[in-house]
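*Asks:* fold the following for me, if possible:
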Amino acid sequence: MAGWRRRGGKGAALAVSVVAHAVAVAVLLGAPVTPAPPEAPSVMVSLVEPPPPPPPPPPAPHDAPKSPVQAPKKPPSPEKPKDTARAAPRSPLRVTQAPVPKDVIPLPASPKPAPARVMGLGEAELTGAATAGSGAGGGGGAAGCDMVRLLQEGLRKNPRARASLMRAHAATVGAGRAPLVWNGDWLRTDGEEGDGLSGLREMIMLEVAFAPAACRAEPMRGLVLISLNDGPGAARFALGGGHWRWSDLLFAKGARR
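*Replies:* Numbering: from 1, shown residues only. Predicted structure coming up:
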């Protein structure tokens, strides 16, 4: 009997445990199931550069803003320092200008001396003058060099030489006299610019400059007579005087004027 009771207690306990598990399972199965909320759709985001702002309208002429820069003010002039030095004492002597005596005549300034005028030489003055073909003309000179002939022939080839002489000395040549154009300096004639006959002088210097060096260095003495044509009343002129050389004509006064 006691064993049966022990067996009946175990069966009741087992039955109670089964019922309790069944009730728990029924409760779990009968509880409402809450579904999960749906996911939110994805949003596409694109970056766009905003347009530039419109330029401001140009200001009207009367509404132009004034420049904030102002003209600098003129700095005040510095005060002049007071002259503390004393003035120099005045001399007791007075400067007076003596009057010019009435009996004294003032002399004017001496004018520039005028160059020597061209002279016309007659037959007496031309005696002994060297001519073309007369050799060394006045003594000495390089052997085989007749500079008088070289100069005369060179000038005869240029008709401007005779025209220049006749233009300045037609009356002198017509009277049978020979103008002296060089005597150490080129002489001047009225109506011609510079010293000497400008056209004839340049032609003479050109012939001398292109002559041989021995002829240019030929020592001369006295006058030389150059004839620009043959026959009676020929146009002639003279040059020279004292001791000289043909190269002196290139460096005489007025040669580069």
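*Asks:* use CA for all of it now, contacts and neighbours both
*Replies:* Will do.
*Asks:* find the least confident helix or strand in the chain, judged by mean pLDDT.
*Replies:* Least confident helix or strand, the chain: helix 2-30 with a mean of 71, by mean pLDDT, DSSP states H and E.
*Asks:* contacting residues around the very next helix or strand once past that one?
*Replies:* Remark: after helix 2-30, the chain's next helix or strand is strand 119-121, criterion DSSP states H and E. The set of residues external to strand 119-121 that reach it, using Cα atoms under 8 Å, 6 or more residues apart in numbering, is Thr172, Arg177, Ala178, Pro179, Leu180, Val181, Ala238.
*Asks:* kindly report the same for stretch 145-165.
*Replies:* Outside stretch 145-165, the residues within contact range by Cα under 8 Å, 6+ apart are 130-133, 135-137, 197, 199-200, 203-204, 207-208, 211, 214-216, 224, 226-229, 235.
*Asks:* helices - which of those residues land there?
*Replies:* Gly199, Leu200, Met203, Ile204, Glu207, Val208, Ala214, Cys215, Arg216 (DSSP state H).
*Asks:* hang on, the earlier thing: wait, which of the contacts of strand 119-121 is closest to Val25?
*Replies:* Val181 (164.7 Å; Cα to Cα).
*Asks:* phi first, then psi, for the closest one.
*Replies:* Torsion angles at Val181 (phi, psi; degrees, to the nearest 10) stand at phi -100, psi -20.
*Asks:* so it touches Leu239, yeah?
*Replies:* Yes - between Val181 and Leu239 there is a contact under Cα atoms under 8 Å: 5.7 Å.
*Asks:* among these two, which residue is more densely surrounded?
*Replies:* Taking other Cα atoms under 10 Å, Val181 and Leu239 do not tie; Val181 has more neighbours (25 against 21).
*Asks:* how much space between Pro56 and Pro50?
*Replies:* When distance is defined by Cα to Cα, to the nearest Å, Pro56 is 18 Å away from Pro50.
*Asks:* I misspoke; the intended subject was Leu155.
*Replies:* If you go by Cα to Cα, the gap between Leu155 and Pro50 works out to 102 Å.
*Asks:* tell me which of those two has more neighbours.
*Replies:* Taking neighbours as other Cα under 10 Å, Leu155 and Pro50 compare with Leu155 leading, 22 against 6.
*Asks:* wasn't the more buried one part of a helix?
*Replies:* Yes - judged by DSSP: H, G, I helix; E, B strand; the rest coil, Leu155 forms part of a helix.
*Asks:* what pLDDT does the model give it?
*Replies:* Turning to Leu155, the model gives it a pLDDT of 95.
*Asks:* repeat that for the one 10 residues further on.
*Replies:* Reading off the confidence values, Leu165 has pLDDT 89.
*Asks:* helix/strand/coil for it?
*Replies:* helix.
*Asks:* can you check Gly240 too?
*Replies:* strand.
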